[in-house]
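> can't give you the sequence, but here's the structure:
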């Protein structure tokens, strides 16, 4: 994912069932349909928050879940590419000394 204002890149990570369903139903299914209509295009999605009530435990109240609102599409090569850095550079930060 990419922030429109700063062009900063993000990775959406989820382990929840509702998160995996949102990725599959809202992003992957739309991408597959888009490839038939506009091959070589990526969907543009706005990440929002929806809520649902658990059927197993409604006493929990509204539970947040991701909502990917598809707002358009763009050519696959138009996204900003991350700078390539070596893993040694990424992991070469100082660990502060924690005194006894």
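Received the coordinates, thanks. Note that the structure is predicted; figures quoted are calculated from it, not measured.

> switch to C-alpha atoms for all contacts and neighbour counts from now on
Noted.

> what's the neighbour count on residue 34?
For residue 34, the count of nearby residues is 16 (other CA atoms under 10 Å).

> That one in helix, strand or coil?
helix (DSSP: H, G, I helix; E, B strand; the rest coil).

> Just give the closest residue to the residue positioned nearest the centre of the chain, not the sequence neighbours.
Centroid check for the chain by CA atoms, centre = their mean gives residue 12 as the closest residue, at 3.0 Å. Nearest residue to residue 12 in three dimensions, chain neighbours excluded: residue 1, at 7.0 Å (CA to CA, 6 or more residues apart in numbering).

> Repeat that for residue 51.
residue 64 (4.4 Å).

> Would you map the helices across the protein?
Applying DSSP state H to the chain gives helices spanning 17-22, 29-37, 87-90.

> Hmm, the residue nearest to residue 51 is touching residue 50, no?
Yes - counting by CA atoms under 8 Å, residue 64 touches residue 50, with 5.7 Å between them.

> So which bits of stretch 57-69 are buried?
If you call a residue buried by 16 or more other CA atoms under 10 Å, then stretch 57-69 has these buried ones: 65, 66, 67, 68.

> tally of neighbours for the closest residue to the third one other than its chain neighbours?
In space, residue 67 comes closest to residue 48 once its chain neighbours are excluded; the distance is 4.9 Å by CA to CA, 6+ apart. A count of nearby residues for residue 48, using other CA under 10 Å, gives 11.

> Surely residue 48 touches residue 64?
No - counting by CA under 8 Å, residue 48 stays clear of residue 64, with 9.9 Å between them.
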